[in-house]
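Participant: Just the structure for this:
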Amino acid sequence: MNATVLSVLVIVGVAWVFDFLNGFHDSSNSIATVVSTRVLSPVAAVVWAAAFNFFGALGFGTAVAKTMGSGLIHVEYVDPQVIFAGLLGAIVWDLVTWYYGIPSSSSHALMGGYAGAAITKAGVGALIPRGWVEPIAAIVLSPLIGFVLGLLMMVIVGWTFRRAHPLTVDRWFRRLQLISAAALSLGHGTNDAQKTMGVIVGLLFATQAAFVHFPLQFLHVTTMRYIPLWVIIWASTAMALGTLAGGWRIVKTMGQRITKLQPYGGFCAETGGAISLLLASHGGVPVSTTHTITGAISGVGAAQRVSSVRWGLASRIVWAWILTIPASAVVASLMYLVLHGVTH
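Facilitator: As a prediction, this is how the structure comes out:
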């Protein structure tokens, strides 16, 4: 086994770790609302979310993976060191934000790490400018869209059930929230797991010459337009297991500290977030599940009473969003310099 093949196999393993941490870090997106409304116990919620994360990643297309694999960085600048450094940058930022309970975006951490390593190798010319327009715009638009959809859902639900008895409303939405939580987990798995799929395929494509005579031919990838089934299953499993492990520090922030949720509010937030994620995934746009559901939760709170949302906390979360791409890019850049120095 030559050095390139060995390094690629190691990096595929590191990518699996990142996807696990993505599910672990972002489990709050899927379960915070359903746990905070006490519709499901924490253990039941993570099992529910993990199952739908898996199916979302496995069966809802690969448009986002193709964007990540070939739409952000020119393929000729991609090599094992760039991918490895990018993954390490994203992993470090995920662990830091998890430790402090900050619901940041694993997706943008990966994008920032990928870009930081590529720029360090080849300068800003390594980036594909038009490929970054939609993901950058989504940093602003996804929480706004989530906010609007969450607020609108609250208005619709409030108007529809205005004459219903509160206990009847609570009973119905405890059932409906199971469906909305499943839909959000599907959207999470669909969008987030694909980002790692794209990175793995980009790595295998860039190093395809090393696998021509390698016994495991499924590692030989000759086109960026096709995501192999084993990559999809690999990423889906990692995401599901990470969600199953649960990132409880962030669950508290998302489910209890931004605003107080009732089952009907949890249903509205999850439904608004799920619609946003599934539309973005269909269009191949890598968006942040964290940004979307945080916006939706804030919209639900604002629909009840503007003062019910802890806007100070929300503003600190927004700063974490702004810092995610540059911070992970800096970490990945340093990682690339270390790796490059060690190997040359």
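Participant: After the helix or strand of the chain with the lowest mean pLDDT, which helix or strand is next?
Facilitator: Lowest on mean pLDDT, DSSP states H and E among the helices and strands of the chain sits helix 248-252, with a mean of 53. On the C-terminal side of helix 248-252, the nearest following helix or strand under DSSP states H and E is helix 263-282.
Participant: Which strands and helices lie in contact with that next one?
Facilitator: helix 3-36, helix 63-70, helix 129-160, helix 166-206, helix 289-304 (3 or more Cβ pairs under 8 Å, 6 or more residues apart in numbering; DSSP states H and E). Glycine gets a C-beta too; all of them are placed from N, C-alpha and C.
Participant: From residue 125, how far off is the residue nearest to the spatial centre of the chain?
Facilitator: Note on the chain: the residue nearest the mean C-alpha position is residue 192, at 3.7 Å, using Cα atoms, centre = their mean. Distance check for residue 192 against residue 125: by Cβ to Cβ, to the nearest Å, it reads 29 Å.
Participant: so is the closest residue in space to residue 73 that isn't next to it in sequence in a helix, a strand, or just coil?
Facilitator: Excluding the flanking residues, the one nearest residue 73 by Cβ to Cβ, 6 or more residues apart in numbering is residue 118, at 4.8 Å. Secondary structure of residue 118, reduced to three states by DSSP: H, G, I helix; E, B strand; the rest coil: helix.
Participant: hang on, the earlier thing: looking at the helices and strands packed on helix 263-282, which is closest to residue 271?
Facilitator: Distance to residue 271, taken as Cβ to Cβ, is lowest for helix 166-206 among those, at 4.7 Å.
Participant: and the angle from the closest one to helix 289-304?
Facilitator: Interaxial angle, helix 166-206 versus helix 289-304 (axes from the mean of the first three to the mean of the last three Cα atoms, to 10 degrees): 160 degrees.
Participant: Looking at residue 274 now. What's its pLDDT?
Facilitator: pLDDT for residue 274: 88.
Participant: count of residues packed around the spatially closest residue to residue 146 that is not a sequence neighbour?
Facilitator: What sits nearest to residue 146 in space, not counting adjacent residues and going by Cβ to Cβ, 6+ apart, is residue 295, at 3.2 Å. For residue 295, the neighbour count with other Cβ atoms under 10 Å is 28.
Participant: ok, so what distance separates residue 295 from residue 112?
Facilitator: In terms of Cβ to Cβ, residue 295 sits 20 Å off from residue 112.
Participant: now residue 4
Facilitator: Residue 4 is 26 Å from residue 112, by Cβ to Cβ.
Participant: Between those two, which has more neighbouring residues?
Facilitator: residue 112 (26 against 15).
Participant: So that one, which state does it fall into?
Facilitator: helix.
Participant: quick one: pLDDT of it?
Facilitator: 91.
Participant: if I read this right, it contacts residue 327, doesn't it?
Facilitator: Yes - with contact defined as Cβ atoms under 8 Å, residue 112 and residue 327 form a contacting pair (7.0 Å).
Participant: what is in contact with the two at once?
Facilitator: residue 93 (Cβ atoms under 8 Å, 6 or more residues apart in numbering).
Participant: quick one: residue 227 is in a helix?
Facilitator: No - applying three-state DSSP, one finds residue 227 to be coil, outside a helix.
Participant: Would you mind measuring from it to residue 195?
Facilitator: From residue 227 to residue 195 the distance is 12 Å (Cβ to Cβ).
Participant: ok, these two, which is more surrounded?
Facilitator: Comparing residue 227 with residue 195 by other Cβ under 10 Å, the one with more neighbours is residue 195, at 27 against 22.
Participant: The more buried one and residue 280, how far apart?
Facilitator: 12 Å.
Participant: Please apply the same query to residue 337.
Facilitator: Residue 337 is 34 Å from residue 280, by Cβ to Cβ.
Participant: ditto for residue 112
Facilitator: On the measure of Cβ to Cβ, residue 112 and residue 280 end up 18 Å apart.
Participant: cool, residue 194 as well?
Facilitator: 11 Å.
Participant: Please enumerate the shared neighbours of these two.
Facilitator: With Cβ under 8 Å, 6+ apart as the test, residue 194 and residue 280 both reach 64, 286.
Participant: okay, the two: which has more neighbours?
Facilitator: Legend: neighbour count by other Cβ under 10 Å for residue 194 and residue 280, higher for residue 194 (32 against 26).
Participant: how close does that one sit to residue 261?
Facilitator: For residue 194, the distance to residue 261 - Cβ to Cβ - is 29 Å.
Participant: what do you get for residue 229?
Facilitator: 38 Å.
Participant: out of the two, which sits in the more crowded spot?
Facilitator: residue 261 (26 against 10).
Participant: give me every residue that touches the more buried one.
Facilitator: Residue 261 neighbours (Cβ under 8 Å, 6+ apart): 33, 36-37, 255, 269, 297, 300-301.
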